[in-house]
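Chemist: Build the 3D model from these lines:
(2 chains)
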Amino acid sequence: MEAVIRTAVAEALATLGLPPSDFVIEHPGDISHGDYACNVAMVSMRAQAVEGTEYTGKKISTLDTFTPRTPTRPGFKNPRELAVLIKEKLEGQIEYVEKIEIAGPGFINFYFTRDFFVAETNRIINLGENWGRNDSWADKKVVVEYTDPNPFKEFHIGHLFTNAVGESIARLFMMAGADVRRVCYQGDVGLHVAHAIWGMQKLGMTSESDFTAKDLGRAYATGATAYKENESAKTEITVLNKVIYERSDERVNALYDAGRRVSLAYFETIYKLVGTEFSEYFFESEAAGVGKELVLNNPEIFPLSDGAHIFEGEKYGLHTRVFLNKLGLPTYEAKELALAKLKNDRLGGYDHSVISTANEISEYFKVLKKAMGFVYPELAAKTEHIGHGMVKLATGKMSSRTGDVISAIDFIADVAQSAHDKITETGMTIASPELSNDIAIGAIKYATLRGSILQDSVFDKERALSFEGDSGPYLQYTHARICSVLDKARAAGIVPSLTPAPTEPYLIEKTLYRFEEVVQAALDDRAPHKVVGYLTELAGAFNTFYAHEKMADATDKFAPYKCLLAQAVATTLKNGLFILAIKAPERL
RNA sequence: GCCUUUGUAGUUAAAUGGAUAUAACUGCGGACUUCUAAGCCGUUAUUCUAGGUUCGAUUCCUAGCAGAGGCACCA
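Modeler: As a prediction, the model looks like this:
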């Protein structure tokens, strides 16, 4: 619809002999201003003024002082006057537009006919699960990497954040028709592993039966602290690091293998909880060798400096970074460089590659991408890094080293307990672990994705445990409410139908059809919060509707249409929640 | 010091350069012989500072201020 109006306005401009301008077609902030608004009159006015010789910019304080400059063009004094001319050309030209009005400084507002909204309701019902999809990435293979926890370290709420962001980005690409491959890159080698193994030895963990993933987190903290505070421990850990790397000690190998297995299995339980299914796993251990080779094979790109192979980012306004340290070990940058190749090889090529991490990596990634441009330009061009904010505690930054982290699993369990209590308290439905979990995940995902992903967030447990107001459970509740009332309507013998519809469209109708645009915008801007905001608005509009209208009332002749509308809202909520990886239970 | 990023009611957030800056939480006050009250209705309060660009700035530019991250061998 937006495109239709855009074309019509552009044609009107041409008919009037005015040059094309970069006007926008948008939804007015206030719904009483119509369904779409266009600022073409203001924009074209500026184009006209700039060409004129008398225009002096800031000296003109009111729009009325504008005068036409070009004799061949129609004369008008202000945007409103131009708007009138454009409006005349548009009148009766656009299907489904009932009324065009000029308002404010010169906005042209479009009001849709009743039929438009009925047709949209019908379209939503017919599309069902496919409602909200677009084909902007149809037939494109998109690799999305996210979460990236390190085995041997605790999977904490920061990982939950990065997972929620990555998962929603992946699903936005799915909605655009892409063949999405979720991948996870995990640090199974490096000093942090040596910290953990040293800690395991100290804490007497020798075989898988001795410890859980949680204990590994403790072992890591023990080792990391000792490394920092105790010289002899530091030496031992350094030696151990080499031993692990070379796999030269049977007992250490056994410890390493057991710890890695336990850690990875533990991560799987979390992925299952949050609704992520990775198609491929990559490990630093496999990227390391490839990375080293890549660096050594490209000495002109990665020259030696101070015994290390570096990339001179400063030549390009970036930082100079070490890719291979003086011990010949590949750094994060070299491994990430290798990772692009590994992904490409294993997945049989791809059209686009997204890597989502906390923004502490953002600066490195710029350097990396620049270097990648020299090593394999075709992959670099397809690679995109999405940095996001970090989760902080009220006390400051989380630290796995000191053990000052909130484990994801504990946090989910706390929120699920709170959900369980609430279900029991209201008694609306039977409490099950699955339902409690779905609500908990809904609450957490919503809280994570409600705002711009660029901002840091401070972990607020009180808030997370509350399900009131803007929240995941609010959306889930609204969905369940619709399912429930539709059941009642069915029992009352009401068959949802497009006719008859009340003369005035409801606010929910004016909100519903925008879902498609929101999904597209959320993907284009890599901004899942747009989906969250939209769903909250829709749910709010529905709850107001619900408070004023009866749906399961057989004596109401509009009940069949209202039921159909409610169904369209439920479909939209469900599809939107899918993008956020939040379940939409039918009972709450 | 340099680079990146964020700054909006008491709090958490929203607003492709648009019309009266929008919600939620908190506070206060309501409605209902009720299709799920995790809901609905009402009410108070906000754009870090100073310039600039623009018909029009929370948004863009410049300079500050404040927070966060980064600035060579951790990731």
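
Chemist: Start and end of stretch A:420-434, how far apart?
Modeler: 10 Å (CA to CA, to the nearest Å).

Chemist: and that stretch, is it in reach of RNA strand B?
Modeler: Yes - applying CB under 7 Å from any atom of the strand, one finds stretch A:420-434 in contact with RNA strand B at A:K422, A:I423, A:T426, A:M428, A:T429. Backbone N, C-alpha and C define where each C-beta goes, glycine included.

Chemist: Buried among those residues? Need that as a selection in PyMOL.
Modeler: Only the buried members of those enter the following PyMOL selection, criterion being 16 or more other CB atoms under 10 Å:
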select buried, chain A and resi 422+423
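
Chemist: Mark which of the residues of stretch A:420-434 next to RNA strand B are part of helices, please.
Modeler: Of the residues of stretch A:420-434 next to RNA strand B, the ones assigned to helices by DSSP state H are A:K422, A:I423, A:T426.

Chemist: okay if I get those residues as TSV plus pLDDT?
Modeler: Shown next, in TSV, are those (pLDDT from 0 to 100):
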residue	pLDDT
A:K422	92
A:I423	92
A:T426	87
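
Chemist: okay, these in a markdown table with distance to A:L304 next?
Modeler: Listed next are those as a markdown table, based on distance: CB to CB, whole Å:
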| residue | distance to A:L304 |
| --- | --- |
| A:K422 | 62 |
| A:I423 | 63 |
| A:T426 | 68 |
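
Chemist: Please name the residues that touch A:A288.
Modeler: A:V189, A:L329, A:P330, A:A334, A:K335, A:A338 (CB atoms under 8 Å, 6 or more residues apart in numbering).

Chemist: and it, that's in a helix?
Modeler: Yes - using DSSP: H, G, I helix; E, B strand; the rest coil, the assignment for A:A288 is a helix.

Chemist: Kindly give the local confidence score, pLDDT, for it.
Modeler: We have a pLDDT of 92 for A:A288.

Chemist: Relative to RNA strand B, which residue of the stretch 101-250 of chain A is the closest?
Modeler: A:G104 (3.0 Å; CB to the nearest atom of the strand).

Chemist: For the closest residue to A:W131 other than its chain neighbours, give its distance to A:A554.
Modeler: Spatial nearest neighbour of A:W131, chain neighbours left out: A:I124 (5.1 Å); criterion: CB to CB, 6 or more residues apart in numbering. As judged by CB to CB, to the nearest Å, A:I124 and A:A554 stand 24 Å apart.

Chemist: A:V322 in helix, strand or coil?
Modeler: Once three-state DSSP is applied, A:V322 turns out strand.

Chemist: Around it, how many other residues sit close by?
Modeler: By the measure other CB atoms under 10 Å, the count of residues near A:V322 is 19.

Chemist: SS state for A:L523?
Modeler: Going by three-state DSSP: A:L523 is helix.

Chemist: pLDDT wise, what is the most centrally placed residue in chain A at?
Modeler: Residue closest to the average C-alpha location in chain A (CA atoms, centre = their mean): A:P528, at 3.4 Å. Here, the pLDDT recorded for A:P528 equals 96.

Chemist: So which residues of the stretch 101-250 of chain A form strands?
Modeler: Along the stretch 101-250 of chain A, counting by DSSP state E, counting those that start in this stretch, strands occupy A:107-112, A:141-145, A:179-186.

Chemist: quick one: the last one to chain centroid distance?
Modeler: I take that to be strand A:179-186. Mean C-alpha position of strand A:179-186 versus that of the full chain (CA atoms, centre = their mean, to the nearest Å) differs by 15 Å.

Chemist: And for the shortest one?
Modeler: Mean C-alpha position of strand A:141-145 versus that of the full chain (CA atoms, centre = their mean) differs by 14 Å.

Chemist: The stretch 251-400 of chain A against RNA strand B: which residues are in contact?
Modeler: Taking CB under 7 Å from any atom of the strand, the part of the stretch 251-400 of chain A that reaches RNA strand B is made up of A:284, A:305-308, A:310, A:319-322, A:325-327, A:329-332, A:335, A:359-364, A:390, A:397.

Chemist: Run through the residues that contact A:S471.
Modeler: When contacts are taken as CB under 8 Å, 6+ apart, A:S471 is in contact with A:G442, A:A443, A:Y446, A:A447.

Chemist: switch the cut-off to 6 Å
Modeler: A:A443, A:Y446 (CB atoms under 6 Å, 6 or more residues apart in numbering).

Chemist: Quick check: it vs RNA strand B, distance?
Modeler: According to CB to the nearest atom of the strand, to the nearest Å, A:S471 stands 7 Å off from RNA strand B.

Chemist: Okay, domains of chain A per the record?
Modeler: A:2-112, A:146-392, A:408-579 (automatic domain parsing).

Chemist: can you tell which of the ones you listed is closest to A:R133?
Modeler: domain A:146-392 (5.2 Å; CB to CB).

Chemist: okay, now the nearest residue to A:E363 once chain neighbours are set aside: neighbour count?
Modeler: Nearest in space to A:E363, with sequence neighbours left out and distances taken as CB to CB, 6+ apart, is A:H319 at 6.6 Å. If you count neighbours by other CB under 10 Å, A:H319 ends up with 13.

Chemist: and A:H319, that's in a strand?
Modeler: No - read with three-state DSSP, A:H319 is coil and lies in no strand.

Chemist: Pull out the buried residues from stretch A:101-111.
Modeler: Within stretch A:101-111, the residues that count as buried by 16+ other CB under 10 Å are A:I102, A:G106, A:F107, A:I108, A:N109, A:F110.

Chemist: I should have written stretch A:181-200 there, sorry.
Modeler: Neighbour counts over stretch A:181-200 (16+ other CB under 10 Å) mark A:181-190, A:192-200 as buried.

Chemist: Quick one: residues in contact with that stretch.
Modeler: A:143-145, A:147-148, A:150-152, A:170, A:216, A:219-220, A:222-224, A:227, A:237, A:240-241, A:244, A:255, A:260, A:278-285, A:347.

Chemist: Please see if it touches RNA strand B.
Modeler: Yes - using CB under 7 Å from any atom of the strand, stretch A:181-200 comes into contact with RNA strand B via A:G187, A:G190, A:L191, A:H192.

Chemist: now, which of those residues sits nearest A:N575?
Modeler: A:G187 (35.3 Å).

Chemist: Please read off the pLDDT at that closest one from the model.
Modeler: For A:G187, pLDDT reads 92.

Chemist: which one is the residue of the stretch 301-450 of chain A found nearest RNA strand B nearest to, not counting chain neighbours?
Modeler: Distance from RNA strand B to each residue of the stretch 301-450 of chain A (CB to the nearest atom of the strand) is smallest for A:N325, at 2.2 Å. Excluding the flanking residues, the one nearest A:N325 by CB to CB, 6+ apart is A:A308, at 5.2 Å.

Chemist: my read: A:M205 touches A:K214, true?
Modeler: No - if you go by CB atoms under 6 Å, A:M205 and A:K214 don't touch, sitting 11.5 Å apart.

Chemist: Look at those two and report which has more neighbours.
Modeler: A:M205 (23 against 15).

Chemist: what comes up buried for stretch A:111-119?
Modeler: A:F112, A:F116, A:F117, A:V118.
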